[in-house]
Every structure is written in structure tokens, then in C-alpha cells.
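**Q** Next comes the sequence, and after it the predicted model I'd like to discuss.
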Amino acid sequence: MCYLKISIPAIIYLIVGCKSPSDKALDEFKKVNESLEKTNNKVDSLFRKVKFLGLDETIADSLKQLCDKSSSQIENLKNELNRVDKQGEKLDAAENILIKTSKGDSLFKYVMSVYDACIKYGDSSAKQEYILLRRVDKIQWLKKYFKDVPTVAAVTILSKFQNDFVQIRRDIMNAVKRN
């Protein structure tokens, strides 16, 4: 299976120059997002059918619910952002939805909970990366990803988090299979 591996810093680097997004920058974000969504939809739909075998049934069910609900939550946020800004050009849509409301708090909670699951149950090679990602302040985290960015960039970042969730689900499955 193919997983799209794009680092969050790489996405942030793309955003830095987008205080006044050009058509070219917006098109590039749309391409990255389409690629992420294609990968996420394919792999996530497959993984949603697979159980976390080898774990206590209660833990396995909790992990499945966490992964499914987190991905669905992000999909809902992406849909809301796209409804608010169909062109993807507004620099305040993500901020208004994700920083100025409790939706950002929920997003942060879900992302960190999935990272925690990887730290606890995942493949040891991935744990250190998620431990580092887990050491953040919520307000700074929200501002880093969603303040003054074009809507299409915010949607792309959300797709990247979904991609992380797919990879974390795979990592947990692999770690459990090995033990």
C-alpha cells in the first residue's frame, strides 16, 4: 500500500509565503490535498474494516472508535471550511472556525489522543516522533497551523492529520501483530 508522507513542517513552509495567496499557490495546495485525500480515502476505508487483533477487545474497540471518530471529526471540519470558503482563498476562515471556537479545542484533543494511542500501542520506531509532536501548547498549535492561512491550506493540513491517523492505525496494527 502507498502512504503519502508529507511532513507538517513542509506544509508550513508552503504556507509561509501565502499571506496573499496566488492562484499558483492555491492550485499547489489543492493538488497536495487531492493526493492526501485520495490516499486517505483508499487506505482508511480499508483499515476501518480491520480490527486491532491481539489486543484486549475493549482496548481494540476503543482504539477503533478513536481512530474512526477522529477521522470523521476532521472530515466534518474540512467540509465546514469548504462550505464557508468555496474558493479556498480566505485567510480568516480557518482562524474563525478553528481558533475562535471550541472546534479547535476538539480538534486538538482528537489529534493528541490519536498521538497518545500511537505512543502507547504503536510501533516503537514511530513513538519518538509522536512524543515530540505531543509536546505542544494548544493555543500555539492552533495558531501555528490555522492563523492567517488560506482555507485550502487549512484543509490540506487537516488532510495531513488524517493521513497521520491512517499511518498510526497501521503502526498500531503492526506493533500488535509483532507482539
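**A** It's in.
**Q** What's the end-to-end length of stretch 94-109?
**A** Stretch 94-109 has an end-to-end distance of 17 Å (Cα to Cα, to the nearest Å).
**Q** May I see the buried residues of that stretch?
**A** Of the residues in stretch 94-109, 94-95, 97-99, 103-104, 107-108 count as buried by neighbour count, 16 or more other Cβ atoms under 10 Å. Bear in mind the C-beta positions are built from the backbone N, C-alpha and C, glycine included.
**Q** can you list contacts of that stretch?
**A** Stretch 94-109 is contacted from outside by 73-74, 77, 80-81, 84, 138, 141-143, 146-149, 151, 153-154, 158, using Cβ atoms under 8 Å, 6 or more residues apart in numbering.
**Q** Any of the residues you listed buried? List them.
**A** Among these, those classed as buried by 16+ other Cβ under 10 Å are 73-74, 77, 81, 141-142, 146, 149, 151, 153-154, 158.
**Q** Keep only those of those that are in helices.
**A** Members of the buried ones among the contacts of stretch 94-109 lying in helices (criterion: DSSP state H): 73-74, 77, 81, 141-142, 146, 151, 153-154, 158.
**Q** Quick check, pLDDT for the residue most central in space within the chain.
**A** The residue lying closest to the centre of the chain (Cα atoms, centre = their mean) is residue 161, at 1.1 Å. Per-residue confidence (pLDDT) for residue 161: 93.
**Q** And residue 41, by the same measure?
**A** 76.
**Q** Distance-wise, check it relative to residue 79.
**A** The spacing between residue 41 and residue 79, counted by Cβ to Cβ, to the nearest Å, is 14 Å.
**Q** Look up the residues that both of these two are in contact with.
**A** With contacts taken as Cβ under 8 Å, 6+ apart, residue 41 and residue 79 have no neighbour in common.
**Q** For the chain, which element, helix or strand, carries the lowest mean pLDDT?
**A** Lowest on mean pLDDT, DSSP states H and E among the helices and strands of the chain sits helix 8-16, with a mean of 52.
**Q** could you point out which element follows it?
**A** Heading C-terminal from helix 8-16, the first helix or strand you meet, by DSSP states H and E, is helix 23-47.
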